[in-house]
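Q: Sequence plus the predicted model coming up.
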Amino acid sequence: MDTSRFDRITDLTSNRTNWKIKVRLTRLWKSINTSTDTFKGYNMILLDDDKTHIHAFAGLDFVNGINEVPEEGKVYIISEFNVDDATYSYSAVSNKKEIYFLKRTNMTLIEEDDGMIPEYKFELVAFNALKSRVGDTKILTDLMGLVENILPMQSRNTATGPKDILLFDITDGRLNAINGPITVDHNASVTESLDKTIQTYNLKQITDLRHSDMQNLEVICHVSVTSIDAQSRWWFYSCDACPKELSFIDNNYKCEECGKTVFYPDKRFKVSMYVTDPTDTIQVFMFDREVRRLVSATVNGLIGQNIKEGKGDQLPEKLLNIVGTRLTLTLSLNAKNLVDGNSVYFASDVVKVVATSENASSEHTSEQNTMVPASDLNGHVVDTPTEIKPPPIKRVHNKHDGPNKKNKS
């Protein structure tokens with residue numbers, strides 16, 4: 001079982017290079033210097049299992065050191081790269097960050113695709129919003145419609161030489177009044193990122209951290225799921241540019257985080273459950289990536305199964321089957337937990353523990369103790385901390401590490 005921890009695309013910042021992501025390469029194209037007609041590198045669109053995508057540029061320093069061109073549709077583990085603000089025109093995605101490969105960047109092909117990362121992602125725009133994008137050179141537009149009136153192929157002279165041009169009409173069969181312009185805030189501050197060693201706590205130690213003076217802390221815990229909260233809605237509509245929950249305002253779904261109006265919102269998991277160990281029981285919210293990892297299904301798939309079986313809005317059976325499983329969770333404790341004493345926690349990572357005779361024996365032994373033996377994600381036993389304190393942290397700031405970002409086209 002792969003217990004490696006990968007960074008999320010949404011967490012990438014510019015103050016370090018030692019990132020490690022697991023992504024699908026959904027699109028790949030060459031970058032050409034239009035003045036000299038020379039090859040500069042590859043542009044890529046990378047998509048992770050949190051359904052977030054980002055543009056990446058691999059310049060010649062990286063490209064000259066690889067034997068094969070990366071392949072669209074394949075899953076890769078990519079580590080050691082720069083992250084910077086997205087400043088270029090006609091971007092293929094709305095992510096405010098971009099990745100720049102270094103000479104030492106490692107891009108490893110995953111031979112067995114586990115299916116957790118979608119094959120593609122588009123930020124679709126409704127036809128009645130197209131006029132509001134006239135003259136907007138910041139981002140390209142994804143559109144779905146019916147292609148009609150296809151004209152013969154034509155050859156035209158362009159700034160980069162002769163090009164074959166295909167003209168056609170695309171329609172959805174209706175063109176309504178124009179919506180207001182889409183506003184996206186491009187001045188979001190960069191969240192400080194720290195390189196942390198995550199310690200293991202039992203649930204009582206976690207709840208004892210309430211009303212402390214810490215602002216953020218990540219901890220690992222080993223638990224069993226006792227129940228799924230059937231009273232809470234188990235999915236939500238999310239932004240297609242970031243994974244935040246949408247609000248329904250003025251007959252449109254809008255993202256209060258990035259200011260975007262989303263015409264075709266995605267659905268993501270948001271499951272409330274109660275977990276326990278021999279020391280305490282807590283409520284945990286688990287989101288899309290973590291739930292899909294447990295149930296190997298999507299929200300739309302489970303909704304469709306419910307409709308097929310005539311179960312309506314009932315909690316899907318695959319979610320109910322989580323009850324009783326043993327999990328290794330990474331909990332992200334925030335100021336509401338640590339300062340205000342909020343007892344609802346959020347899981348940022350999960351590993352399902354496969355039951356074995358050895359596990360069953362150790363579990364029986366641990367239930368006789370008041371504390372849970374701590375172990376890391378690789379199963380190695382570590383000392384349970386007797387003093388409640390945050391794990392040691394170290395800032396990694398590679399200001400002069402590797403080449404800076406390169407121009408692309």
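A: Yep, it's here.

Q: right, and Val93 touches Thr52 too?
A: No. Between Val93 and Thr52 there is no contact under C-beta atoms under 8 Å: 9.2 Å. Just so you know, the C-beta spots here come from the backbone N, C-alpha and C atoms, and that holds for glycine as well.

Q: Okay, now the unreliable bits of the stretch 251-400 of the chain?
A: Residue ranges of the stretch 251-400 of the chain with pLDDT under 70: 354-400.

Q: do that again at 50, thanks
A: 356-400 (pLDDT under 50).

Q: cool, the stretch 51-200 of the chain as well?
A: 175-196.

Q: where along it do the helices fall?
A: 60-63 (DSSP state H, counting those that start in this stretch).

Q: That one: strands as residue ranges?
A: 53-59, 75-85, 97-109, 146-148, 154-158, 161-165, 169-171, 195-196, 199-200 (DSSP state E, counting those that start in this stretch).

Q: For Val275, give me its contacts.
A: Contacts for Val275 (C-beta atoms under 8 Å, 6 or more residues apart in numbering) come out as 203, 223-226, 281-282, 284, 327, 329.

Q: Quick one: neighbours of the nearest residue to it once chain neighbours are set aside, just the number.
A: Nearest non-adjacent residue to Val275, counting by C-beta to C-beta, 6 or more residues apart in numbering: Val223, 3.9 Å away. The number of residues packed near Val223 is 25, by other C-beta atoms under 10 Å.

Q: Tell me the buried residues in the helix or strand containing Val223?
A: Using DSSP states H and E, Val223 sits within strand 217-228. Judged by neighbour count using 16 or more other C-beta atoms under 10 Å, the buried positions of strand 217-228 are 217-225, 227-228.

Q: Leu28 - that's part of a strand, no?
A: Yes. Secondary structure of Leu28 (DSSP: H, G, I helix; E, B strand; the rest coil): part of a strand.

Q: Distance check, the closest residue to Cys239 other than its chain neighbours against Leu60.
A: In space, and not counting its chain neighbours, Cys239 is closest to Cys255: 3.9 Å by C-beta to C-beta, 6+ apart. Look at Cys255 and Leu60: by C-beta to C-beta, to the nearest Å, they are 37 Å apart.

Q: Name the residue in the two with the higher neighbour count.
A: Under the criterion of other C-beta under 10 Å, the comparison of Cys255 against Leu60 puts Cys255 first, with 22 against 15.

Q: what residue lies at the spatial centre of the protein?
A: Geometric centre of the chain, nearest residue: Asp50, 2.9 Å, by C-alpha atoms, centre = their mean.

Q: who's in contact with that residue?
A: By C-beta under 8 Å, 6+ apart, the residues touching Asp50 are 8-10, 243, 288-289.

Q: so is it in a helix, a strand, or just coil?
A: Three-state assignment for Asp50 (three-state DSSP): coil.

Q: Next, Ile307: secondary structure please.
A: Secondary structure state of Ile307, per three-state DSSP, is helix.

Q: What number of residues are in the vicinity of it?
A: By other C-beta under 10 Å, neighbour count at Ile307 equals 10.

Q: same thing with Ile249?
A: Ile249 has 10 neighbouring residues, counting by other C-beta under 10 Å.

Q: before we move on, what about Lys318?
A: A count of neighbours around Lys318, defined by other C-beta under 10 Å, yields 15.

Q: quick check, it in a helix?
A: Yes. The assignment for Lys318 by three-state DSSP puts it in a helix.

Q: Could I get the phi/psi values of the closest residue to it other than its chain neighbours?
A: Nearest residue to Lys318, sequence neighbours excluded (C-beta to C-beta, 6+ apart): Val295, at 4.4 Å. With angles defined as degrees, to the nearest 10, Val295 sits at phi -110, psi -10.
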